[in-house]
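> Show me how the following folds:
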Amino acid sequence: MEVSFPGTALCTRDEPEPPRLLRNNIAKDTRVSLRARLAGGEALSRQRPGCRHKVTMEISGLPLELWRLILSYLRLPDLGRCSLVCRAWYELILSLDNTRWRQLCLGCIECRHPNWPNQPDVEPWSWREAFKQHYLASKTWTKNSQDLESSNCFYLFRRKKDRRVLCVGPGCEFENLRSALVSACVYDRIVLLPGVYEEQGEVFLKVPVEIMGRGKLGDVALLVSFDQHCPTVRLCNLVFMPAWFTPIIYKTNSGHVQFDNCNFENGQLQIHAPGTCQVKFCTFNQSTINFHSVAICLLENCEFVGSENASVTVDGCPSVDRNWACKHLSTLAKSCSASLQMPELQTHCSASKLESRGPLLTSVRTCEIVVGGDPGNTLPASHPPAMPKKGCEKGSDVAGHLQGANKEEAATMETDSSDSELSMSSENEEDDESMCRLPYQAHSLSHMLAKVIDGRPQADGLAALPSDYELKTLQQELQKDKEAQSLANAMQGCLVRKCLFRDGKGGIFVCSQGQARVEGSIFQDLTYAVRCIQNSKIVMLKNDIHHCKTSGIFLRLGAGGLIAENNIHSNCEAGVDIRKGANPLILCNRIHGGLRSGIVVLGNGKGIIRSNQIYGNKEAGIYILYNGNPLVSGNHIFQGLAAGIAVNENGRGQITENVIRENQWGGTDIRRGGDPVLRSNLICCGYSDGVVVGERGKGLIEGNTIYGNKGCGVWIMSSSLPHIANNQIGHNSIYGIAVFCRKDDANDYLANQGGNENFNDEGEAANWENDLESEDERVVIRRPISVALVESNNINHNGAAGLYIKSSEALNIIGNAIHANHDCGVSVFQSSQLTRIANNSISCNSLGGVVVEAECRVELRGNGIYDNSSHGVASKGEGIVTENDILGNQGCGLKLLQAADMKVTKNRIHSFRDYAIEMLDQTKALVQDNVIFQGKSKKSILQQASDTEACVVQSNKLLAFKKRSDVAWTLENPPARPHIEGASRGVSTSGNSQKVSNMTARIAARVDGGCHNNGSIFCTIV
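I've put the predicted structure just below:
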């Protein structure tokens, strides 16, 4: 007999009559006759003689709604049989997902809503699949392989047919649980009627049984202490409370126990290896679970409330001695983990959505970020950058110096040609000037200037980061990191999935080489969420951790593991706290809204921190101190209320390829012995300085793009010892690089941030920072320096001087391109020790090239000082000016005034309108062996010093340009300065250090119009 449905293959059955076939596939509850089933849809046709009848039954014969109504009366076994008829029936059964399958799932007393307790109002992506997963999981306890013998072919049949149901309660065969257990055989079910059952002594489970409560959860309560001595047990729909003589509710040392839909009140569960457990849809009220060296245990959809200690404790290395259930739990755990990857359950927002979400900062401004482009074409504001208010010493230094500089420039420009006269020059005069101009564009740093001058921003207005700075997904991170991939696939120890921990002291505590895996869980309103110590490992994936009273996650004493794709926010201290040799992988998390730092690494803590979004934290996004030494790479750290990254108190770390933007204080703050490697980062649009190197700060700051900050690009304290090399520093509102000598105010330093955290519940010493390990093996080889060094940087288009120096320590400034800044190129305002300025290109700045104030000591050697709008060099201090090219500047080439005491030798100096060298007031000078190119004004050297004997002018060579037919001037032997022999001056040891130099991007940044919290624009605290 053949039964055919449209669009499906024929299904052949051997039954002689159609009624028998249909009755075998339809539940008796429906009582639908064959005629009713075929009404309007059957087509009987007789084949040629000798052939069987062919019955064609079309589903379209009845409306789909009627089919679903009929099938909604079927029990679970009948639904399964119907789905096996053919594809049409299978699809019809699947279409009952929101009706019959939902009813079966929610009507089962052994389970609760599939998304309980975290999202009970969110429906699963498939009710049928959720019910199937629970049904299979509920049968794990019956898969005891020890009962399976090859000679016993009736094993499954015996288990099903011989199983008894024993009822316990008033009027039943057994009045108490103990008597029922004595009579129970293997795999019997003991059903407890509603009531309270109390046993005065410990109850030993010696045979595999199932104990189930009848009625709703809460109708059956047990005051019992169980000790399991059999291979497997299942308990369901019960409320457990401890007996009067012990807090331990349940204990197993070797067997497997399964809890479904139970409540635990004020008690403890203890699982010792090789014992295992599977707990699902259970509530733990002021109760705990302790796992001791377990190979694998599984907690799913459980709620932990009000625990006075850690709700789950995992102690000891996973045992190699395993019981029969381990392989089944591993398979189940892998299927559960895979279900978290379903697209319907993905709840993470993209980075663009996050950064555009509710404004942490109100006023919005679009900042054009041009890395190596022409920033002059990209300034968004029509008004010039606002100068800082005089709210602190640093701010007053800035304002006072800028105002003073303007007045002094007005006084020193009293020469034959003023700026106003220069602007009224005739076209012929400009032609003559162009003929007299010396070509200098081929000097050794011209390639750095080309990146500034020739680069152009994109015109399409893309609000996207360059691909090198885009956040990587967890899958991308796992593909390139085998260790992370291994951790992500690990299924050992305690596995916690979709659980809720709330209103207690601790969530999960892992110690003594224990292992745990936590997925899709919520930790809220706890003292701490997770604490992992003593060489233990924890894997945390897609959890929500918030409103903890201390830090969210603690890792100490050599702890490790993988913390990925978690949402960690609104905690009272750090989101993640790494100390004492802990070395975790922290990937692709969102860490935000914390009342302190996002991540703290201290006390020889390590760790790899990659591709995280860290934003909106009250203190530093990442805080490294007390010999903390993490690898921080590829993170987006933005909109923090303090520094983006702070490295203090001898902290170290390698900080590479991060986007650090829109933070209230410095993008990166280094001080008090901090010694990091800061390389190839984009530090932009901050409300203060880009990089701050405070008192006793060190570090290699190399290959970064420091752009569009409201303060300085780099702010350095003279007591520090940084090495600043190969950075792009442009379009910052004040100085490109500023060096100050003011000491840190102790009241400004946030001493409580990380340093005084004293979470001491595990008996750790409060002054833990004194217990530091030996020197970390993670050491970066770099060139030692004894004097702060600024070299090979591109400093351009900043709102004030390119480089401002007010220092009490020596400083070396070598091989930089200082171009088109809105004040002078280099301003030496205070320098009691020698400031060495060598082999720099200082060009096209709005005021002078180099300005040296009184009582300052400088050495200018091998620089090219070109086309600045005022004097090439103006000095009131003392020092040496030798072997420089000072050409094409609008004022004097070199101007010495007041009490200047300079030795000027072997320079090439040219000024078209003014004197090449001008000496005034009480100047003392030796001017010797210079080459002076005379401009049209024929002015060469003006000597009006009060003590003419103190000014020695000798052996200088004057070159006059007489007429158009003369051979054009050239710079030869050596060529145009700066002239650096061999390759370029770069000192980068990283292949990525210069990759940011040619990128052009636009970033939509939230920038507020003023200074925040009534504080200074400068970063004087973290």
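
> mind listing what the closest residue to residue 316 other than its chain neighbours touches?
Setting aside the residues directly before and after it, residue 316 is nearest to residue 293 in space (Cβ to Cβ, 6 or more residues apart in numbering), at 3.5 Å. To be clear about C-beta, it is placed using only N, CA and C from the backbone, and glycine gets the same treatment. Listed by Cβ atoms under 8 Å, 6 or more residues apart in numbering, the contact partners of residue 293 are 272, 273, 315, 316, 317, 318, 319, 514.

> In terms of pLDDT, where does residue 293 sit?
Per-residue pLDDT puts residue 293 at 96.

> Which residue would you name as the spatial centre of the chain?
What sits nearest the mean C-alpha location of the chain, by Cα atoms, centre = their mean, is residue 612, with 1.7 Å.

> For residue 926, grab the count of nearby residues.
A count of nearby residues for residue 926, using other Cβ atoms under 10 Å, gives 16.

> looking at this, it is in a helix?
No. Assignment of residue 926 by DSSP: H, G, I helix; E, B strand; the rest coil gives strand, placing it outside any helix.

> Just list whatever residues bridge to it.
Assessed by DSSP bridges, residue 926 has beta-bridge partners residue 903, residue 952.

> now swap in the one 5 residues further on and tell me
Residues in a beta bridge with residue 931, per DSSP bridges, are residue 908, residue 957.

> mind listing what it touches?
Residue 931 makes contacts with 907, 908, 909, 956, 957, 959, as judged by Cβ under 8 Å, 6+ apart.

> Repeat that for residue 507.
With contact set as Cβ under 8 Å, 6+ apart, residue 507 has these partners: 304, 310, 311, 312, 501, 523, 526, 528, 529, 530.

> If we use 10 Å, what do you get?
Taking Cβ atoms under 10 Å, 6 or more residues apart in numbering as the criterion, residue 507 is in contact with 304, 307, 310-312, 496, 499-501, 518, 521-524, 526-531, 543, 545, 548, 552-553.

> Please pick the buried ones from those.
Neighbour counting with 16 or more other Cβ atoms under 10 Å marks 304, 307, 310-312, 496, 499-501, 518, 521-524, 526-531, 543, 545, 548, 552-553 as buried within these.

> Strands - which of the residues you listed land there?
304, 310-312, 496, 500-501, 518, 522-524, 528-531, 545, 553 (DSSP state E).

> show me where the stretch 401-550 of the chain has strands.
Residue ranges of the strands in the stretch 401-550 of the chain, as given by DSSP state E, counting those that start in this stretch, are 493-497, 500-502, 506-511, 515-519, 522-524, 528-532, 537-541, 544-546.

> returning to what we had before: any of the contacts of residue 931 buried? List them.
When those are checked for burial by 16+ other Cβ under 10 Å, the buried set is 907, 908, 909, 956.

> wait, which of these is closest to residue 243?
Looking at those and their distance to residue 243, the nearest is residue 907, at 96.4 Å (Cβ to Cβ).

> Quick check on the closest one: phi, psi?
The phi and psi torsions at residue 907 (degrees, to the nearest 10) take the values phi -100, psi 160.

> could you measure the nearest residue to residue 643 once chain neighbours are set aside against residue 288, distance?
In space, and not counting its chain neighbours, residue 643 is closest to residue 669: 4.0 Å by Cβ to Cβ, 6+ apart. Residue 669 is 41 Å from residue 288, where distance means Cβ to Cβ, to the nearest Å.

> between the two, which one's more packed in?
residue 669 (29 against 23).

> That one against residue 683, yeah?
No. Look at residue 669 against residue 683 with Cβ atoms under 10 Å: they stay out of range, at 11.3 Å.

> Neighbours of residue 834, how many?
Residue crowding around residue 834 was assessed by other Cβ under 10 Å; the count is 16.

> Revised request: answer the last question for residue 544.
18.

> Quick check: bridge partners of it?
The residues listed as beta-bridge partners of residue 544 by DSSP bridges are residue 522, residue 567.

> list the contacts for it?
Contacts were defined as Cβ under 10 Å, 6+ apart; by that measure residue 544 touches 118, 347, 500, 520-524, 529, 566-569, 590.

> Need the strands of the stretch 401-550 of the chain in a markdown table (columns: mean pLDDT and distance to residue 734).
Putting these into a markdown table (pLDDT from 0 to 100; distance: least, Cβ to Cβ, whole Å) gives the following:
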| stretch | mean pLDDT | distance to residue 734 |
| --- | --- | --- |
| strand 493-497 | 95 | 51 |
| strand 500-502 | 96 | 48 |
| strand 506-511 | 96 | 46 |
| strand 515-519 | 96 | 47 |
| strand 522-524 | 97 | 43 |
| strand 528-532 | 97 | 42 |
| strand 537-541 | 97 | 42 |
| strand 544-546 | 97 | 38 |
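
> among those strands, which is nearest residue 851?
Across the strands of the stretch 401-550 of the chain, residue 851 has its closest neighbour in strand 544-546 (53.1 Å, Cβ to Cβ).

> Please tell me how far that closest one is from the chain's geometric centre.
15 Å (Cα atoms, centre = their mean, to the nearest Å).

> Renumber starting at 848 from here on
Done: numbering now begins at 848, and the last item shifts to strand 1391-1393.

> Endpoints of stretch 1447-1460, how far apart?
Start-to-end span of stretch 1447-1460 (Cα to Cα, to the nearest Å) is 15 Å.

> I'd say residue 1717 and residue 1693 touch.
Yes. Because the distance of 8.3 Å satisfies Cβ under 10 Å, residue 1717 is recorded as touching residue 1693.

> Based on its surroundings, how many neighbours for the nearest residue to residue 1385 once chain neighbours are set aside?
Leaving out its chain neighbours, the residue that sits closest to residue 1385 by Cβ to Cβ, 6+ apart is residue 1408, at 4.1 Å. Neighbour count for residue 1408, taken as other Cβ under 10 Å: 26.

> where does the stretch 1698-1847 of the chain dip in pLDDT?
With pLDDT under 70 as the threshold, the stretch 1698-1847 of the chain has low-confidence stretches at 1782-1785, 1808-1815, 1828-1847.

> mind listing the strands for it?
With DSSP E, counting those that start in this stretch applied, the stretch 1698-1847 of the chain shows strands at 1704-1708, 1711-1713, 1720-1722, 1725-1729, 1732-1734, 1741-1743, 1748-1752, 1755-1758, 1764-1768, 1771-1775, 1778-1781, 1788-1792, 1798-1801, 1804-1807, listed in chain order.
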